[in-house]
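J.: take a look and give me a structure for this.
(chains A and B)
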Amino acid sequence: MIDGWELVVGIEIHAQVKSNSKLFSSSSTNFGSGPNSQVSLVDAAMPGMLPVINKFCVEQAVRSGIGLNAKINNKSIFDRKNYFYQDLPQGYQISQFKDPIVGNGFIEISSNGQSKKIGIERLHLEQDAGKSLHDQDPNYTFVDLNRSGIALMEIVSKPDISSADEAVEYVKKVRSILRYLDTCDGNMEQGSLRADVNVSVNKPGDSFGTRCEIKNLNSFKFIHSAIIYEAKRQIKLIESGESIHQETRLYNIDTGETRSMRSKEDAHDYRYFPDPDLLPLIIEDTWIENIKKTIPELPDQKKDRLVKQYNLSDYDAGVIVSDRAISDYYEEVVKDRSPKLVTTWVTSELFSVLNKKNLSISETPVSTGKLGELIDNIESGKISNRLAKDIFEEMCETGKSSSEIISEKGLSQISDQGELEKLVDEVLLANPDNVEKYKNGKDKLFGFFVGEAMKLSRGKANPKLLNEFLKEKLKT
Amino acid sequence: MKNDLNLLDARDLLAKKEISSHELTKIYLDNIKKGEELNCYNTVATEHALTEAEKSDIRRKEGKHKSPFDGIPIGIKDLFCTNNIRTTASSRILSNFVPTYESTVTQNCIDAGLINLGKLNCDEFAMGSTNKTSYFGSVINPWQSSQSDAKLVPGGSSGGSAAAVAADLCIASLGTDTGGSIRQPASFTGTVGLKPTYGRVSRWGIVAFASSLDQAGPITKTVEDAAVLLDIISGHDEKDSTSSIKDKENLFENLNGSVKGIKIGIPKEFESNDLPASTQKAWDECKQLLQSNGAEIVDISLPHTMDALPTYYIIAPAEASSNLARYDGVKYGIREEGKNLIEMYEETRSIGFGDEVKRRILIGTYVLSSGYYDAYYIKAQKVRSLIKKDFNDAFQNVDAILTPSTPSTAFAIENEPNDPVQTYLNDIFTVPVNLAGIPAISIPFANDENNLPIGLQLITNSFEEQKLLNIAKNVQDTIDYNHKPNKWWTND
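T.: Numbers count the residues shown, from 1 in each chain, chains lettered A, B, ... in the order given. Have a look, this model is predicted:
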């Protein structure tokens, strides 16, 4: 709700299928290769070239459909979407219009601490276009066809989303599911996952308002602010007595505003018709069943399990399962260790380092083995928690293991009884006045003795044992 | 001089070392030169052909010939992409296009050792029935009426392919057939033209006109040659998703010319008072001939075939409008610069395409437009299913169907009707076959009162080319059609 208005959002996600080759050709899909270096005769739409479906891309779409709790259609049809553009070599995009490969489904997101179902309308396969480069020459546009023909999944939600927060949650959840399934790398900066959002507003009880579509949003931040901006723009218009025109709008990442790209009247007539070069795509139930057997544990199931198995809070479990790689990392470390300690170390210490260095979990400077060893050293009392943080910092910088650092710097905690006794004696001998005061009832001075002993041991004294010895010595 | 050779003649001469491939190729290059006036070839690959012929001779000398037909020169419709040899689809928009790849069909020919003499003229993007839509000008039919020396159309769209075979400017040729483009020109030139079952021959590397109808096939001097050439070009191709996975057959080896016990259907819908008397007579004589050779003649009905032409003129342009979108001046072919992208498209496509192509792009764009799609395209698909069903039903009772190939014999270039619909009517007997995806052959049967060839069409069910060729051979061997155009174009 914004100022007494209800918000209705539907989202189309374009997710690049993770596959080594394109949807209808054998060209590579590597990102960042030289312009037009990954272009086959088919991708360049040379005369007489014909598309041949890549079975792996179909499998990826089926897998994604299963992950979205959706119906897999036994028969789907590839259509041609006809329009002219310089980076569309065929003059049409091969897509699926009336009969998509995946039908109705749903996912669950958390909204204001509660779970909410968002419906999936469909998922279909289509080709990506090439890329136009407008800034290479004052007079000409250059075209790079490396992306031309790469497989995309378009995932269309039902208009079940009612806030910008939910929209972000929804996209995050879909992205997370696809990453668990390994069907899309979800890399939004590289454009592997982008969203078009349809936004409308209405007064409670009224039917849906006229919607506007904002195209090509490639970060959660942009999705959020584009929706907020667009909703407010529409409310302002309606409240000043004007009406909303159905149109496609673009989001300006510099100003945070949306502007009209084309109105419904100017919309293309894509003249969809079944591609006569391709036969209907028939998917047997047995194949679907076989794919189902390969579906890994998905975020929702994993979260439930983590909460039960490790007694994690809902929140912590949510953070850990949000990314398959993080949860894999976590589960690797937590094996035979205290979940509480591991959770803290992963979600606060490790995450803060990753954030600071802008690294993903797969680029972590500290392997699961090394973090595990560090936690073992804490659990065994070899080092204190405080010392562990310093050691961790150094591990991140140097890549060394905690044991290496401990032995190099002699940081191992003093737990030896004789050594600790010597330490305590020294402190008490050096401070006879305070010993006297303590014995006369100044209990607070206990902290002073601990501090002095720690200083003397250069932080290495085992705090627990030190406390015990001090208490004992001061009694006598 | 060795002339008027067919594939089997040439095979034998080569085998007996009575001629080399190089000599043979030179003879035909020479014929092509003498026949320039017929305008059969868009591109003559003289050097390529002679080089390949020399290689073939070396192979044969070493006993390493690729097939018995290694070294035989043929002509290729300018719709098949040929590596390093200009491929234009007889359109200005591709007039400078040189492919870097070889179509599956022509590669199959190369693999059998056949020599490509050059690229044969055709209607622009295979759209036409008279060969007049070619950017490179009309092909002239080697046949002339005994009544006049007006230049006649060779038919189309494979007009160059048919005329070149009839005029002996190649031993055999390749064409494509979307609505009759092999059979109609074969009928107009006294040659044999075979349209195979859809999916029998790969479409990979052939400039697409209407993908669900296009099929490549041979135009030859004899039925045997048609079997040989189809054997060479057919087979599954994983690069074409609509290519059949059926095993290759040996049509030529199994050719026996038998019609014993074969039932031949005569569809009543093809009968018409407008049919020229000589065509009707040829049709009747062929029925009798087949009957006396042991076949049974059965009257049948194909109730929806008369709806085939309008159906075809929705489906084919719809697919063409989309297939031809790639010729936009961006990547290859000619480009006419404009002030912006849209203007460049408009200028390029305005000068790049001829009128008939533009007409069909417009029709196709129209019938696919939202609001018209259901009324035209969907409706046409439904009628197409009915036409298929007609044939399926008919083939429950008969083995083959016999019809005239065309409603008339060749007519003068200058007499082509101004109304395109009148021209479209040329394909009225051939179009239903493409919509049904089944095979058909046109064979010369007799000449009419003006000494112009009349072709008859035989049709069988899908993948029954063996039966089709057997019946065709039976007719051929019985009538011994041996008319030849007098070579008015040569100075010999």
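J.: right, and A:Ser200 touches A:Ser207 too?
T.: No. A:Ser200 is beyond contact range of A:Ser207, at 10.0 Å (criterion: Cβ atoms under 8 Å). (Each C-beta comes from the backbone N, C-alpha and C, glycine too.)
J.: which of these two has more residues huddled nearby?
T.: A:Ser200 (22 against 8; other Cβ atoms under 10 Å in any protein chain shown).
J.: give me the residue from the stretch 51-200 of chain B nearest chain A.
T.: B:Cys81 (4.9 Å; Cβ to the nearest Cβ).
J.: and that residue, how far from B:Trp489?
T.: 29 Å (Cβ to Cβ, to the nearest Å).
J.: same question for A:Asn69.
T.: Taking Cβ to Cβ, one finds A:Asn69 at 73 Å from B:Trp489.
J.: cool, and A:Val319?
T.: A:Val319 is 85 Å from B:Trp489, by Cβ to Cβ.
J.: could you pull out the strands in chain B for me?
T.: B:41-44, B:73-77, B:115-120, B:173-177, B:192-195, B:215-220, B:263-267, B:296-300, B:400-404, B:440-447, B:453-460 (DSSP state E).
J.: parallel or antiparallel, which strands does the fifth one pair with?
T.: On the basis of DSSP bridges, the sheet neighbours of strand B:192-195 come out as strand B:215-220 (antiparallel), strand B:440-447 (antiparallel).
J.: I'd like the average pLDDT over that strand.
T.: Average pLDDT, strand B:192-195: 98.
J.: what residues does it touch?
T.: B:158, B:162, B:175, B:177, B:182-187, B:215, B:217-223, B:225-226, B:230, B:430, B:433-434, B:439-444, B:455, B:465, B:468-469, B:472, B:476 (Cβ atoms under 8 Å, 6 or more residues apart in numbering or on different chains).
J.: surely B:Ala325 and A:Asn82 touch.
T.: Yes. Using Cβ under 8 Å, B:Ala325 is in contact with A:Asn82, at 6.3 Å.
J.: joint contacts of the two?
T.: A:91-92.
J.: B:Asp299: neighbour count?
T.: Counted with other Cβ under 10 Å, B:Asp299 comes out at 10.
J.: give the contact list for it.
T.: B:265-266, B:268.
J.: do the same with A:Pro299
T.: A:173, A:176-177, A:180, A:321-322, A:324, A:327.
J.: can I get those residues in a markdown table with secondary structure, distance to chain B and pLDDT?
T.: Output for the contacts of A:Pro299, formatted as a markdown table (DSSP: H, G, I helix; E, B strand; the rest coil; distance: Cβ to the nearest Cβ, whole Å; pLDDT from 0 to 100):
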| residue | secondary structure | distance to chain B | pLDDT |
| --- | --- | --- | --- |
| A:Lys173 | helix | 34 | 96 |
| A:Ser176 | helix | 35 | 95 |
| A:Ile177 | helix | 31 | 96 |
| A:Tyr180 | helix | 32 | 96 |
| A:Val321 | helix | 40 | 94 |
| A:Ser322 | coil | 40 | 89 |
| A:Arg324 | helix | 35 | 89 |
| A:Ser327 | helix | 40 | 93 |
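J.: just flag the most distant two among those residues.
T.: A:Lys173 and A:Ser327 (14.3 Å; Cβ to Cβ).
J.: higher neighbour count, those two?
T.: A:Ser327 (24 against 19).
J.: so for A:Asn311, which of the strands paired with strand B:192-195 sits nearest?
T.: That would be, of the strands paired with strand B:192-195 and by Cβ to Cβ, strand B:215-220, which comes in at 68.9 Å.
J.: between the strands of chain B, which gets nearest to A:Ser403?
T.: Evaluated with Cβ to Cβ, the strands of chain B place strand B:215-220 nearest to A:Ser403, the distance being 73.1 Å.
J.: what about that closest one, average pLDDT?
T.: pLDDT averaged over strand B:215-220 gives 98.
J.: which other residues reach it?
T.: Contacts of strand B:215-220 (Cβ under 8 Å, 6+ apart): B:6-7, B:80, B:105, B:158, B:161-162, B:165, B:172-178, B:182, B:185-186, B:191-198, B:200-203, B:206, B:225-226, B:228-230, B:233, B:434.
J.: if we go to 7 Å?
T.: Contacts to strand B:215-220, defined as Cβ atoms under 7 Å, 6 or more residues apart in numbering or on different chains, come from residues B:6-7, B:105, B:158, B:161-162, B:165, B:172-177, B:182, B:186, B:191-196, B:198, B:201, B:206, B:225-226, B:229-230, B:233.
J.: likewise stretch B:10-28?
T.: B:1-2, B:49-50, B:53-54, B:56-57, B:60, B:68-69, B:71-73, B:115, B:117, B:169-171.
J.: residue ranges with poor pLDDT in the chain?
T.: Because you didn't say which chain, this covers chain A. A:410, A:476 (pLDDT under 70).
J.: sorry, I should have been clearer: chain B.
T.: B:1, B:491-492.
J.: and the residue in chain B that chain A sits nearest to, what does it touch?
T.: Shortest chain B-to-chain A distance, computed as Cβ to the nearest Cβ: residue-wise this is B:Ala325, at 2.3 Å. Contact analysis of B:Ala325 by Cβ under 7 Å, 6+ apart lists A:82, A:84, A:90-92.
J.: repeat for A:His245
T.: Contacts of A:His245 by Cβ under 7 Å, 6+ apart are A:210, A:263.
J.: how much space separates it from A:Lys203?
T.: A:His245 is 19 Å from A:Lys203, by Cβ to Cβ.
J.: which other residues reach the longest strand belonging to chain A?
T.: In chain A, taking DSSP E as the definition, the longest strand is strand A:114-127. Contact with strand A:114-127 is made by A:23-24, A:57, A:61, A:64-65, A:68, A:70, A:93-96, A:100-109, A:149, A:151-158, A:160-161, A:170, as judged by Cβ under 7 Å, 6+ apart.
J.: what residues sit buried inside that strand?
T.: A:116, A:118-127 (16 or more other Cβ atoms under 10 Å in any protein chain shown).
J.: and for stretch A:128-145?
T.: For stretch A:128-145, by 16+ other Cβ under 10 Å, it's A:128-130, A:143-145.
J.: stretch B:429-440 too?
T.: Buried, per 16+ other Cβ under 10 Å, within stretch B:429-440: B:429-440.
J.: what is the end-to-end distance of it?
T.: 11 Å (Cα to Cα, to the nearest Å).
J.: what sits against A:Asn462?
T.: A:381, A:413-415.
J.: ok, for it, nearest residue in space, not its chain neighbours?
T.: Of all residues not flanking A:Asn462 in the chain, A:Ser415 sits nearest, at 4.2 Å (Cβ to Cβ, 6 or more residues apart in numbering or on different chains).
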